[in-house]
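Novice: Here is a sequence with its predicted model. Questions after.
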Amino acid sequence: MEFGLIGMWNQMAAVAKTVAILLIALSVVTLYMLIERLLTYAKAKNKSKEVAPKLSDLLKKGNVTDAMTLSGKKEYSSSHLARVTAGGIREYLEAKDARLGVEELIGSAERGSDRAQVMFDQELRKGLPILATIATSSPFIGLFGTIFGIMNAFRGMAVSGSSGIGAVASGISEALLTTAFGIGVAVLSLWVYNFLNSKIEVFAAEMSNTSSQLLDFFIRKEGK
């Protein structure tokens, strides 16, 4: 029996091969999610860098309506800073039209920014539950293949009537291989999950900072 990967693959039973293929597919899904999320985060970051100075300039000049129009443009819908700004300004202007008091104006703007932040946070987390599921289930999928590999090892022992290593080598090798696959995929998915979560925390901090700055602007504006 060959103990290379190809040799072990050829010796594996159908169940073990199915488990291995499933785990490989899950690893591909994990890598796809990593690339797709990183592209999404990069777009949000680039669009925010583009629109942030423009919004800051408009607000400094007191052009709240123009800032609302700019932040609400479709081309900046992927920008987390634009979305939070638009949410806050929209509620502020609606509260202004309703002739609410200063505290109600600020409270409305804060709630609008918070809602926009929550919605964008959900978009940033798209697919992360899938990664968490892969990370937690992969070892058990590998264990499923391990059980069948051990069963094949005992079957080989029974068929040959021998208790030597040669009788159980095939079953043990496929059992260890599926275990290794399961652990490997779990580690990869967990690493990607934590890595993306760390990116999301940065976005959350930036959105909170933008919301705070917007509220400070409204407070100064209404205090004049």
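Specialist: Everything's here; your move.
Novice: What mean pLDDT does stretch 30-47 get?
Specialist: For stretch 30-47, mean pLDDT rounds to 96.
Novice: From the rest of the structure, what touches it?
Specialist: If you take CB atoms under 8 Å, 6 or more residues apart in numbering as the criterion, stretch 30-47 is touched by 75-76, 78-80, 82, 124, 126-127, 130-131, 134, 185, 188-189, 192, 195-196, 199, 203. To be clear about C-beta, it is placed using only N, CA and C from the backbone, and glycine gets the same treatment.
Novice: With only the CA atoms kept, save that stretch in CSV.
Specialist: Below are the C-alpha coordinates for stretch 30-47, written out as CSV (Å, rounded to 0.1, in the frame of the first residue of the first chain):
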residue,chain,number,x,y,z
THR,A,30,-14.4,29.6,3.1
LEU,A,31,-11.8,31.0,0.7
TYR,A,32,-14.6,32.4,-1.5
MET,A,33,-16.2,34.2,1.5
LEU,A,34,-12.8,35.6,2.5
ILE,A,35,-12.2,37.1,-1.0
GLU,A,36,-15.7,38.3,-1.4
ARG,A,37,-15.9,40.0,2.0
LEU,A,38,-12.4,41.6,1.5
LEU,A,39,-13.5,43.1,-1.8
THR,A,40,-16.7,44.4,-0.2
TYR,A,41,-14.8,46.0,2.7
ALA,A,42,-12.2,47.5,0.3
LYS,A,43,-15.0,49.1,-1.7
ALA,A,44,-16.6,50.5,1.4
LYS,A,45,-13.3,51.9,2.6
ASN,A,46,-12.5,53.5,-0.8
LYS,A,47,-15.9,55.1,-1.3
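Novice: which of the residues in it are buried?
Specialist: Within stretch 30-47, the residues scored as buried using 16 or more other CB atoms under 10 Å are 30, 33-34, 37, 40-41, 44-45, 47.
Novice: Neighbours of residue 49, how many?
Specialist: Using other CB atoms under 10 Å, the number of residues around residue 49 comes to 11.
Novice: now do residue 145
Specialist: Residue 145: 27 neighbours (other CB under 10 Å).
Novice: That one contacts residue 175, correct?
Specialist: Yes - counting by CB atoms under 8 Å, residue 145 touches residue 175, with 7.2 Å between them.
Novice: Give the residues shared as contacts by those two.
Specialist: Joint contacts of residue 145 and residue 175 (CB under 8 Å, 6+ apart) are residue 16.
Novice: hmm, back to that, generate a ChimeraX selection restricted to the buried subset of the contacts of stretch 30-47.
Specialist: Listed next is the ChimeraX selection for buried residues among those, using 16+ other CB under 10 Å:
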select :76,78,79,80,82,124,127,131,134,185,188,189,192,196,199,203
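Novice: which secondary structure element contains residue 57?
Specialist: In the assignment (DSSP states H and E), residue 57 maps to helix 14-60.
Novice: Quick check, central residue of this structure?
Specialist: By CA atoms, centre = their mean, the chain has its centre lying nearest to residue 128, at 3.7 Å.
Novice: Relative to residue 116, how far out is it?
Specialist: Distance, residue 128 to residue 116, using CB to CB, to the nearest Å: 20 Å.
Novice: what residues are up against residue 19?
Specialist: Residue 19 touches 141-142, 144-145, 148, 178, 181, counting by CB under 8 Å, 6+ apart.
Novice: Distance to residue 112 for these - can I get that in TSV?
Specialist: Formatted as TSV, these follow (distance: CB to CB, whole Å):
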residue	distance to residue 112
141	44
142	47
144	49
145	51
148	56
178	51
181	48
